[in-house]
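Novice: sequence unknown, structure follows:
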């Protein structure tokens with residue numbers, strides 16, 4: 001059983017099966033009028049319109065799509081270049097988050113002051129996300145990805161140059177704008193590439209993001225005791241600019257031979273524009289928000305929790321996010337097999353409950369080792385929930401569904417850290433981190449409940 005709704009492939013296959021029932025009589029030979037009469041009837045019938053919208057794009061794709069294959073060298077290079085950008089995004093973001101304790105000490109900010117400063121990342125990202133879709137439509141997703149790939153390394157070098165919470169918040173506005181823009185643009189490119197390849201390779205891109213985060217956090221742990229935050233993040237900026245300069249030509253040079261008629265037909269399908277569909281897309285976005293909240297919280301507060309509450313060495317504290325990112329990478333690399341074996345609903349419910357248990361351990365454990373184990377379990381649990389939610393939103397409403405669910409999801413990732421900061425001042429940081437467990441369990445409950453609800457228009 002898949003999560004909430006059948007996939008696009010399931011819908012198309014069902015339409016194809018229904019189509020096989022339409023068989024012309026073999027004797028006597030039918031006239032032209034008798035052949036076209038069923039088409040006229042189905043054109044006027046709502047059921048026929050749905051059949052036409054589902055099956056004809058599939059037929060057109062099968063008969064007239066370009067001869068692009070997964071082994072096409074151009075597509076392979078495009079996929080590799082996009083994977084590098086996903087990994088760079090995770091690498092730079094993790095490099096910043098592991099130095100948050102040092103930047104906090106440098107600015108002298110309180111927990112709530114740091115939370116307000118981190119809100120700059122959220123504000124910058126949310127504003128950019130609302131504009132990036134239009135920019136991608138006008139200039140193309142790949143050029144926007146490259147521009148953001150230049151802005152993000154520049155932004156990551158600015159936080160250690162500040163000496164107050166206010167200044168930190170202002171520069172984080174710029175960093176957040178680049179971060180939000182590159183995430184929306186990259187996912188837009190990934191959606192096009194997945195459609196062109198006709199293979200479910202989206203988890204591999206998210207695995208690259210997690211792998212980049214693991215490497216960035218691990219590198220941060222190694223240099224934390226030897227380099228200042230300023231030198232470390234400036235070095236990351238140089239690396240990011242070099243990687244963008246090398247990778248951007250490949251991303252921009254090759255065209256993806258995706259048939260636009262297929263995408264347009266799917267996006268305009270009648271059964272994906274109703275109020276019920278929009279509501280379900282928002283439900284998927286809520287699931288993504290609940291789980292991405294945990295990723296953002298661990299990214300910004302995990303190292304500080306280990307260093308401040310458990311008195312871990314700065315290098316060990318930086319390894320906390322590395323453990324989380326490594327476990328999430330492993331989970332996403334195995335996500336396809338999990339989904340094929342257990343289905344979307346079971347995978348999401350099980351992952352949410354596993355993440356909740358892991359975060360309780362990570363937040364309340366009295367030792368560093370147990371907390372690190374809890375972070376790893378949390379990463380395994382959260383690994384595939386976000387990609388599944390985005391995929392199902394796209395199956396419901398096409399690109400607009402992907403955009404809506406992605407924005408809500410990344411909003412949870414970016415708004416979570418400031419919320420943790422306020423709760424840490426009101427209660428304590430360990431107790432504030434247990435909110436990650438609460439929301440992961442909530443995502444599991446939503447998936448389990450909604451997964452038993454038939455989709456709009458499904459037979460009862």
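Specialist: Alright, I've got the coordinates. Just so it is clear, the structure is predicted and the values come from calculations on it, not from any experiment.
Novice: chain center to the one helix or strand residue 215 maps to, what's the gap?
Specialist: Element membership for residue 215, per DSSP states H and E: helix 202-223. Between the centre of helix 202-223 and the centre of its host chain there is 14 Å, according to Cα atoms, centre = their mean, to the nearest Å.
Novice: What is it packed up against?
Specialist: Helices and strands touching helix 202-223, by 3 or more Cβ pairs under 8 Å, 6 or more residues apart in numbering; DSSP states H and E, are helix 73-97, helix 165-197, helix 229-253, helix 314-333, helix 385-426. C-betas here are computed from N, CA, C, even on glycine.
Novice: right, and the helix or strand after the longest one?
Specialist: Following the chain from helix 385-426 toward its C-terminal end, the next helix or strand by DSSP H and E is helix 429-450.
Novice: buried residues in that following helix?
Specialist: In terms of neighbour count (16 or more other Cβ atoms under 10 Å), helix 429-450 has its buried residues at 429-430, 432-437, 439-444, 446-448, 450.
Novice: Could you dump the helices and strands packed on helix 202-223 into CSV with distance to residue 159, mean neighbour count and mean pLDDT added?
Specialist: Formatted as CSV, the helices and strands packed on helix 202-223 follow (distance: least, Cβ to Cβ, whole Å; neighbours: other Cβ atoms under 10 Å; pLDDT from 0 to 100):
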stretch, distance to residue 159, mean neighbour count, mean pLDDT
helix 73-97, 7, 22, 92
helix 165-197, 6, 23, 87
helix 229-253, 7, 17, 95
helix 314-333, 16, 24, 85
helix 385-426, 14, 24, 80
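Novice: Can I get those helices in a markdown table including distance to residue 153?
Specialist: Putting those into a markdown table (distance: least, Cβ to Cβ, whole Å) gives the following:
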| stretch | distance to residue 153 |
| --- | --- |
| helix 73-97 | 6 |
| helix 165-197 | 8 |
| helix 229-253 | 3 |
| helix 314-333 | 19 |
| helix 385-426 | 19 |
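Novice: and residue 352, which of these is closest to it?
Specialist: Closest approach to residue 352 among these (Cβ to Cβ): helix 385-426, 6.4 Å.
Novice: picking that back up, who wins for proximity to residue 216 among the helices and strands packed on helix 202-223?
Specialist: So among the helices and strands packed on helix 202-223, helix 73-97 is nearest, using Cβ to Cβ, at 3.3 Å.
Novice: Which elements pack onto the closest one?
Specialist: helix 141-156, helix 165-197, helix 202-223, helix 229-253, helix 275-308, helix 314-333.
Novice: what's the distance between the nearest residue to residue 216 once chain neighbours are set aside and residue 401?
Specialist: Of all residues not flanking residue 216 in the chain, residue 94 sits nearest, at 3.3 Å (Cβ to Cβ, 6 or more residues apart in numbering). According to Cβ to Cβ, to the nearest Å, residue 94 stands 29 Å off from residue 401.
Novice: Ok, residue 329 next?
Specialist: Relative to residue 401, and taking Cβ to Cβ, residue 329 is found at 26 Å.
Novice: One more: residue 189?
Specialist: From residue 189 to residue 401 the distance is 17 Å (Cβ to Cβ).
Novice: picking that back up, quick one: which of the helices and strands packed on helix 73-97 is nearest residue 406?
Specialist: Here helix 165-197 is closest among the helices and strands packed on helix 73-97 (Cβ to Cβ), at 5.7 Å.
Novice: Can you list the helices and strands that that closest one packs against?
Specialist: Short answer (3+ Cβ pairs under 8 Å, 6+ apart): helix 165-197 packs on helix 73-97, helix 100-107, helix 111-139, helix 141-156, helix 202-223, helix 385-426.
Novice: do you know how far the residue nearest to residue 216 is from residue 382?
Specialist: 16 Å.
Novice: How about residue 322?
Specialist: Counting by Cβ to Cβ, the gap from residue 322 to residue 382 is 15 Å.
Novice: go on, residue 142?
Specialist: In terms of Cβ to Cβ, residue 142 sits 29 Å off from residue 382.
Novice: Repeat that for residue 279.
Specialist: Residue 279 is 24 Å from residue 382, where distance means Cβ to Cβ.
Novice: Tell me which of those two has more neighbours.
Specialist: Using other Cβ atoms under 10 Å as the criterion, residue 279 and residue 382 rank with residue 382 on top: 31 against 11.
Novice: For the more buried one, list the residues it contacts.
Specialist: 291, 294-295, 328, 331, 351, 355, 440 (Cβ atoms under 8 Å, 6 or more residues apart in numbering).
Novice: any chance of the residues you listed in CSV, plus distance to residue 317?
Specialist: Below are the contacts of residue 382 laid out as CSV (distance: Cβ to Cβ, whole Å):
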residue, distance to residue 317
291, 24
294, 18
295, 18
328, 18
331, 23
351, 26
355, 21
440, 23
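Novice: Please name the residues that touch the residue lying closest to residue 149 once chain neighbours are set aside.
Specialist: Nearest in space to residue 149, with sequence neighbours left out and distances taken as Cβ to Cβ, 6+ apart, is residue 244 at 4.1 Å. Contact analysis of residue 244 by Cβ under 8 Å, 6+ apart lists 85, 88, 146, 149-150, 153.
Novice: got a markdown table for those residues, with distance to residue 169 too?
Specialist: A markdown table is the format used below for those (distance: Cβ to Cβ, whole Å):
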| residue | distance to residue 169 |
| --- | --- |
| 85 | 27 |
| 88 | 25 |
| 146 | 27 |
| 149 | 24 |
| 150 | 23 |
| 153 | 20 |
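Novice: wait, which of these is closest to residue 416?
Specialist: Nearest member of the contacts of residue 244 to residue 416, counting by Cβ to Cβ, is residue 88, at 22.5 Å.
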